[in-house]
Each structure stands twice: as C-alpha cells, then as structure tokens.
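# give me the fold of what follows.
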Amino acid sequence: MQSENTAGRQGPLQDLRVIELGQLVAGPFCGQMFADMGADVIKVEPPNQGDPLREWGREGFPLWWSVCARGKRCITLDLRQDEGQRLLKQLVGEADFLIENFRPGTLEKWGLGYDVLKQVNPRLIMIRVSGYGQTGPYASRPGYASVGEAMGGVRYLMGEADRKPSRAGISLGDSLAGLFSAFGALAALHHRDRTGEGQMVDTSIYESVLGFMEGLVPEYQFEGYTRERSGSVLPSIAPSNIYDGSDGMVIIAANQPTVFARLCKAIGQPDLKDDPRFSTHAGRGANMAALDGIIQAWTSQRTIDEIEATMVAASVPVGRVFRAADMLEDPHYQARQSLIEVASERWPGIMQQGVVPKLSATPGGVRWAGPDRLGQHTAEVLSEILELTPEQIEKLEKSGIV
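Got it, this is the predicted structure:
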C-alpha cells in the first residue's frame, strides 16, 4: 500500500525502494539521484541528532540539506540498539538498495554487514561508499573528500603553479563517489534482473576521483611526464582561457584549426591564423601567452554582451563565467528548467538545480526540499511498510529507538 507522498513520485525508478544510512555528502548524493528519478528513498538518521548536514551552511541558512535530502522520506532509528537493528533488517527485507558511507567495519560492528543483510534479503544491492574502499591496507582509515581528491590526483593539479594546490570550492570527491555509486547500483540492478542475485557495490572516493584523471598515469608511465598545475589553462591547448571584458569575464575556446580561423576573423585579424607562431596546434600551445594577450586586448575593449554576440555569430565557443545571480536570470536556464522551484515549508520559493539528465519518456522530478523536521516520516514509514500500530510506534519513541 502506497502512501499519498509515495504515490506522488515521478520517474523511471518509481518501483524501487532505497534505504539510505549515509551522512553528509557522498552517500546522500547517491540517494538524491535515486530520489530525483522517482525511487522511494528512506533516509535513516540517529534520533535526537540527525545528519550533520542539517546544520551546514552560513549561520541560520543550512540550505545544502534542502538540496541533498530532497524528495526523501526521513525517519529516525538508533542502529546501536538491538531493536533498532531489528527494525532496519525488516526495512531491508522490503528494499532494493541500501546506501551507507560509514567507515568500513561500522555496520559489521552493529551486526548489519553485507553478509548479514543478504541473508535477510538475497536480492539486496548494498552500496558502500568510503574514503579508501572496503579492502586494502587503508580501508579502516577515516576518509573525507579532501583526502580522496588528494590521493586520486586532482588536488595536485588545481590552482596556480607557484602556490599550494587549491580546491574546487565544492565537495567534488564526494559527489563523484555518489555518481559512480549510482551507476554501479544500476549496473547491479541489471544483473539482478537477469539472475535474481543482489550484490555489494564498493565505491571509494579516491578511485572515483582517479576515474576522472584522463591519461595522467599512462603519461607518466610511458613518457615520464607529470602533469602540473596550470591555473586557468590546459598546457598546450590554446586559445582556451578566461578573458576580461569591460564588465566581466568570459571563456573563449578556439583551439581547433577551423574554429581558430573563425576567431581570428571575428576579432578583425584574419591573417593571424597564418602567423607562424599560431598556424599549428603545437605553435599555438607554445605561444599561448602571446596569443592570449592578443585576444585579451580585443575583449578588454568590449562588454560581455558584445563579446558573446560576436563569438556566437562566428560560431566560436564562448561562455560567461556564471554565478548564482546569473543562473537565476539566464533565459537558457529558464527554458530548460535547469533551476526549478521546489516545495519547502522553511524556504518558500527555493530554487534548486533540476533533475539531470532529462529523460524524454520518464522524466524525474523533485517532490519536496529536504524535510525540516527530524523523523518527519518515521510514523508513516513504520506503519506503511512494517505495519506497526500507533501504540507500537509510540513505545519505540519513548524507548529512544526512533
């Protein structure tokens, strides 16, 4: 029997149920993607405490939670107590997936490891996200995204060459781990559809970062070449940089020969494409600073609107450097509903990123922003799925189990 809230879901995963035990970002981001595509995601939080993400943000504005917990039903359950563990096992018996991102060994300590849960539900797909994975000499170490980004290689490459490595300003490693976890879970679901067999999905943050590192390792292995920090450009790729207009910044990317020729014509220097310094891909890379200087001299005399219009007319890739205010006003964002208004009691009118990707036949959707009240759906979930009575639920509340 579906509750009214459950029936309001839309997307291709409506028939799937996910139990989310994760905290902060990596596991919950995976759960967010499931919820966006219509799955019934039941987030389990410790009573009287909740996910620390509920408090993250500037003082008085914990808005990140509203995004990462959107579309989920939130319940409380004390997994350190026997009764809490028993109830979780019952929920697992009615679920397709379980997501967790505790330090490896934590669920085993509570008697909730994969070997136990697969006995409860052999079809269960258990998604485990951690800093270093479930195996290997580092498995038991605590691992945040910043450490995984460093070990995976991306942190060394971020920033200017003459300074310490920078960071992206977002939890990149966590989000990549959540993304790979969701992909792995759906691959495991395909296997289950053919065989009936569940399995464990083991995702590490550092390997998720490593998976995006292109040819970094082979370049060192066969060339002895180590990539270094290069600021706003990629070595040997030119022109492709951020340029200042008279009223803001813009990115122009014209490193391919035909595109470069169009750029030269657009800035009134068609012969530049035949300049020996810039006539080849290698030459443009070797003379990047000189080429960027020429383009900068042109952009600095024009507004961003003028630069964009000129480049678009010439079929040269161009893009403004957006901030939140730009996103809210941009017509392309509006046409594609890249930002959508999400129902929220605490933050009326809140705009959040839309569901990605957009599916033509079974598009996803967002029912509500992250639930504000801890345990907001506890009674609903326990009565609907486990068929507990109000009296039984009240007893669990009084004993601190929920």
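
# quick check on the closest residue to residue 132 other than its chain neighbours: phi, psi?
Among residues not flanking residue 132 along the chain, residue 138 sits closest, at 4.1 Å (C-beta to C-beta, 6 or more residues apart in numbering). In short, each C-beta sits where N, CA and C put it, glycine included. Main-chain dihedrals, residue 138, degrees, to the nearest 10: phi -100, psi 0.

# how far away is residue 138 from residue 305?
51 Å (C-beta to C-beta, to the nearest Å).

# comparing these two, which residue is more hemmed in?
Taking neighbours as other C-beta atoms under 10 Å, residue 138 and residue 305 compare with residue 138 leading, 16 against 13.

# isn't the more buried one right up against residue 148?
No - assessed by C-beta atoms under 8 Å, residue 138 is found out of contact with residue 148, at 10.7 Å.

# looking at it, residue 355 is touching residue 366, isn't it?
Yes - with contact defined as C-beta under 8 Å, residue 355 counts as touching residue 366 (6.7 Å).

# and the strands in the protein?
Ranges of strands in the chain, per DSSP state E, are 17-20, 40-45, 73-76, 97-100, 125-130, 199-204, 240-245, 248-253, 318-320, 339-341, 351-353.

# partner strands of the fifth one, with direction?
In the sheet, strand 125-130 lines up against strand 97-100 (parallel), strand 199-204 (parallel) (DSSP bridges).

# which among these is found nearest to residue 120?
The closest of these to residue 120 is strand 97-100. By C-beta to C-beta, the value is 10.2 Å.

# which residues does the closest one contact?
Identification of contacts with strand 97-100 by C-beta atoms under 8 Å, 6 or more residues apart in numbering yields 16-22, 27-28, 30-31, 34, 39, 92, 107, 117, 124-129, 181, 185.

# and stretch 111-127, by the same measure?
Stretch 111-127 is contacted from outside by 27, 30, 79, 85, 88-89, 92-93, 95-100, 107, 128, 181, 184-185, 188-189, 192, 196-201, 203, using C-beta under 8 Å, 6+ apart.

# residue ranges with poor pLDDT in the stretch 101-250 of the chain?
Judged against pLDDT under 70, the stretch 101-250 of the chain has no low-scoring part.

# which residues of it fall in helices?
Secondary structure of the stretch 101-250 of the chain (DSSP state H, counting those that start in this stretch): helices at 106-109, 114-120, 145-152, 154-157, 172-195, 205-210, 216-218.

# need those in CSV with distance to residue 237, can you?
Compiled in CSV, the helices of the stretch 101-250 of the chain are given as follows (distance: least, C-beta to C-beta, whole Å):
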stretch, distance to residue 237
helix 106-109, 44
helix 114-120, 44
helix 145-152, 22
helix 154-157, 14
helix 172-195, 21
helix 205-210, 22
helix 216-218, 15
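
# give me the distance between residue 229 and residue 220.
Taking C-beta to C-beta as the measure, residue 229 falls 16 Å from residue 220.

# residues near residue 150, how many?
Residue 150: 16 surrounding residues under other C-beta under 10 Å.

# tell me who's in contact with residue 185.
Here residue 185 is in contact with 30, 34, 97, 125, 127, 201 (C-beta under 8 Å, 6+ apart).

# greatest separation within these: which pair is it?
34 and 201 (12.6 Å).
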